[in-house]
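Novice: give me a model of this one.
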Amino acid sequence: MSTSTSRGGFALLTTLVTLVLLSAIAVRALTEIGTVHQATQNRLAQTRGEWAARGCLALLQSGYVAPEHPLEVAATELNRNAFCSAVEVNPAARLNVNLTDSMTLARFLDRRTAAAILDWRDADDVDRRGGSERDIYRAANKPPPRNAPFRHPDELLLLHDVDQQRLVDRLASLTVEGDGRLDPNLTSVEILGSLSVLGPAAIEAIVFRRSTTPFTAIAQVQEMIGAEVDASRYFTLDRRTRRVLLTGWGTAGTRTLEVQRTAVLFATESRLGIGRIEIR
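Specialist: I've put the predicted structure just below:
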């Protein structure tokens, strides 16, 4: 092989190696550009989602009427890149699993789940009929009950031998917050129908009344249910502090991100408007 041919082959090889290296550098550069572009879209979508969530709070403030009305904003388009919604998250519209009586729990869930809830939250290790205590959980290789109040509604999913699907379906109607009393203006018909102290006529009267004129005093609820039951023990209209879940969706390019914030609204002393607001 001649020297010139050898040099030509070496030069060709060097050129090919150089092209491969340049191609790799170009691919890496394009990848980094794409990553930066995606990160930019994410940040922009996040910012727009944050703005949208706060936009719903502004809509709530502008449309605020009176404390007995629910605070909510249906899914709303603020502009082509931002949407929002808001819903009041009031413990008084949900059943408190730490304070609700067994009959109400059985009606809203079922008897076995009610027994499991009571066994979980009571202080002893004696299982009640249909329930489960520490030894049963251990035999099933599951975390034992705390023998204390539930810390979060999701903890209910640890219950042994219950209808998990029914529990999941109703989890949003359960809480561990509040004093156990219910707001007659906000509580669902299904929860009202589960209350052990109310009959069908009282439930129908409450639902009919609030559909036309929201309750503004517990005495009005008392009229609906009769003198046999103390309405103030089961119902409340305290709306001085209210929590609203704000959800904003922001879009940037092909990216859409959801941002959720909780607004805590403190009513004025006259209870005719919103005072201080905290975003969490």
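
Novice: how far does stretch 154-172 sit from the chain's center?
Specialist: Its chain's C-alpha centre and that of stretch 154-172 lie 15 Å apart, by CA atoms, centre = their mean, to the nearest Å.

Novice: same question for stretch 175-192.
Specialist: The chain centroid and the centroid of stretch 175-192 are separated by 16 Å under CA atoms, centre = their mean.

Novice: with stretch 242-250 instead?
Specialist: Here stretch 242-250 is found 10 Å from its chain centre; the criterion is CA atoms, centre = their mean.

Novice: quick check: mean pLDDT of that stretch?
Specialist: The average pLDDT for stretch 242-250 rounds to 89.

Novice: touching it from outside, list them.
Specialist: Residues outside stretch 242-250 that contact it (CB atoms under 8 Å, 6 or more residues apart in numbering): 44-57, 60, 71, 81-90, 256-265, 267. The way it works is simple: take the backbone N, C-alpha and C, and place the C-beta from them, glycine included.

Novice: kindly report the same for stretch 218-238.
Specialist: Applying CB under 8 Å, 6+ apart, the contact partners of stretch 218-238 are 68, 92, 179, 181-185, 195, 197-198, 202, 205-206, 209, 215-217.

Novice: any idea how far residue 150 is from residue 187?
Specialist: Per CB to CB, to the nearest Å, residue 187 is found 20 Å from residue 150.

Novice: just to revisit the earlier point, which ones among the contacts of stretch 242-250 are found in helices?
Specialist: In helices, defined here by DSSP state H, the members of the contacts of stretch 242-250 are 44-57, 60.

Novice: what's the PyMOL line that selects buried ones from those residues?
Specialist: Command for PyMOL that selects the buried part of those, burial taken from 16 or more other CB atoms under 10 Å:
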select buried, resi 44+45+46+48+49+50+51+52+53+54+55+56+57+60
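
Novice: which of the ones in helices among the contacts of stretch 242-250 sit farthest apart?
Specialist: 44 and 60 (25.2 Å; CB to CB).

Novice: any buried residues in whatever helix or strand residue 104 lives in, and which?
Specialist: Taking DSSP states H and E as the definition, residue 104 sits inside helix 102-108. Across helix 102-108, burial judged by 16+ other CB under 10 Å covers 104, 105, 106, 107, 108.

Novice: same check, this time on stretch 132-146
Specialist: Buried residues in stretch 132-146, counted by 16+ other CB under 10 Å: 132, 133, 134, 136, 137, 144, 145.

Novice: many thanks, we can stop here.
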